[in-house]
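Q: Next input, structure requested:
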Amino acid sequence: MSNALEITDLKARLGDLEILKGIDLTVPFGEVHALMGPNGSGKSTLTHVLMGSSDYDASGSALVGGVEVMGLPVHERARIGLFEAFQYPTEVPGVSLDDLVVEMTGVAVDPSAARIRADDASRLLGMDRFMDRAINTGLSGGEKKRSEMFQLAVASPKVAILDEIDSGLDIDAVREVAAMVERLRSPSLGVLVITHYSRILRYMNPDRVHVMVAGRVVESGGPEVAERLESEGYAAVR
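A: So this is what the prediction gives:
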């Protein structure tokens with residue numbers, strides 16, 4: 001069986017600046033992996049390249065459920081099953097969350113089953129009172145991240161890249177978002193949580209922790225890797 005995400009020798013340049021220097025990283029279906037690293041290590045660039053940003057000169061391979069996505073436009077990557085939850089979710093005035101769900105479920109292979117999944121996700125994540133509100137407009141940081149997790153549940157992708165979803169959240173919201181990630185675990189989903197800090201990982205059970213420094217994955221291991229970084233800092237792996 002193929003993995004949810006399989007990255008091989010992924011490189012990326014921005015003009016003359018080499019940012020990713022050959023990333024190898026695999027996230028199996030059913031697992032939650034964390035990617036940690038200091039500022040400037042290339043974590044955001046990795047996200048942008050995987051999602052299809054045209055700003056970078058990229059090479060290498062990225063398979064989503066066994067399908068190559070490099071070279072494809074953003075919407076095709078999404079159709080194949082690649083999803084990103086943003087560090088700073090965009091406000092969309094005039095478009096309600098329910099409007100978005102209608103669009104998302106309308107393109108599903110089985111729209112009725114997709115709508116049932118959306119209703120179940122709304123109850124599971126406590127989103128009922130947000131459905132008539134404009135997407136992310138007037139919401140707190142924690143509410144925006146809850147909305148992102150709801151959209152993830154409705155989209156039902158193969159791979160979810162959660163880009164610093166703990167950014168700007170208080171400790172209660174961090175716990176809540178971590179619990180949502182755990183609730184959404186599925187044998188048909190692989191999750192890559194990108195973060196600077198280990199605090200969100202205290203409230204979930206990552207199967208694997210990867211450390212990126214200067215455009216390379218320099219260490220991979222269990223949750224103990226995050227614990228060591230918490231006590232020793234990134235100097236321990238530089």
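
Q: ok, now how distant is the spatially closest residue to Gly52 that is not a sequence neighbour from Ser54?
A: Nearest non-adjacent residue to Gly52, counting by CB to CB, 6 or more residues apart in numbering: Val74, 4.2 Å away. Using the backbone N, CA and C atoms, a C-beta is placed for each residue, glycine as well. Between Val74 and Ser54 the distance is 9 Å, computed by CB to CB, to the nearest Å.

Q: what about these two, which has more around it?
A: Each of Val74 and Ser54 has its neighbours counted (other CB atoms under 10 Å); Val74 has more, 14 against 9.

Q: Leu50 is in contact with that one, correct?
A: No: here Val74 does not reach Leu50: they are 10.4 Å apart, not a contact under CB atoms under 8 Å.

Q: most centrally placed residue in this protein?
A: Centroid check for the chain by CA atoms, centre = their mean gives Ile161 as the closest residue, at 1.7 Å.

Q: who does the helix or strand where it lies pair up with?
A: Element membership of Ile161, judged by DSSP states H and E, is strand 159-163. Its sheet considered, strand 159-163 pairs with strand 82-85 (parallel), strand 190-195 (parallel) by DSSP bridges.

Q: Tell me who's in contact with Ala78.
A: Pro157 (CB atoms under 8 Å, 6 or more residues apart in numbering).

Q: Excluding chain neighbours, what is closest to Gly168?
A: Per CB to CB, 6+ apart, closest to Gly168 is Gly141, 4.7 Å.

Q: and what of Pro28?
A: Distances taken as CB to CB, 6+ apart place Asn3 nearest to Pro28, at 5.0 Å, with adjacent residues excluded.

Q: The one you found - that's part of a strand, no?
A: No: looking at Asn3 with DSSP: H, G, I helix; E, B strand; the rest coil, it is coil, so not inside a strand.

Q: OK, contacts around it?
A: By CB under 8 Å, 6+ apart, Asn3 lies in contact with 26-29, 63, 65-66, 190.

Q: So the residue nearest to Gly168 versus Thr195, what's the distance?
A: 15 Å.

Q: More neighbours: these two, which one.
A: Thr195 (22 against 17).

Q: is that one in a bridge, and if so with what?
A: Those that pair with Thr195 in a beta bridge, by DSSP bridges, are Met36.

Q: And the pLDDT at it?
A: With respect to pLDDT, Thr195 scores 89.

Q: what do you get for Arg238?
A: 66.

Q: now swap in Gly106 and tell me
A: pLDDT for Gly106: 67.

Q: same thing with the one 3 residues further on?
A: At Val109, the model reports a pLDDT of 57.

Q: now the helices for the chain?
A: Applying DSSP state H to the chain gives helices spanning 43-51, 74-80, 97-106, 111-125, 141-155, 171-183, 224-232.

Q: what sits against the closest residue to Glu76 other than its chain neighbours?
A: Excluding its sequence neighbours, the residue lying closest to Glu76 (CB to CB, 6+ apart) is Val69, at 7.6 Å. Val69 sits next to 50, 52, 62-63, 76-77, 80, 82 when contact means CB under 8 Å, 6+ apart.
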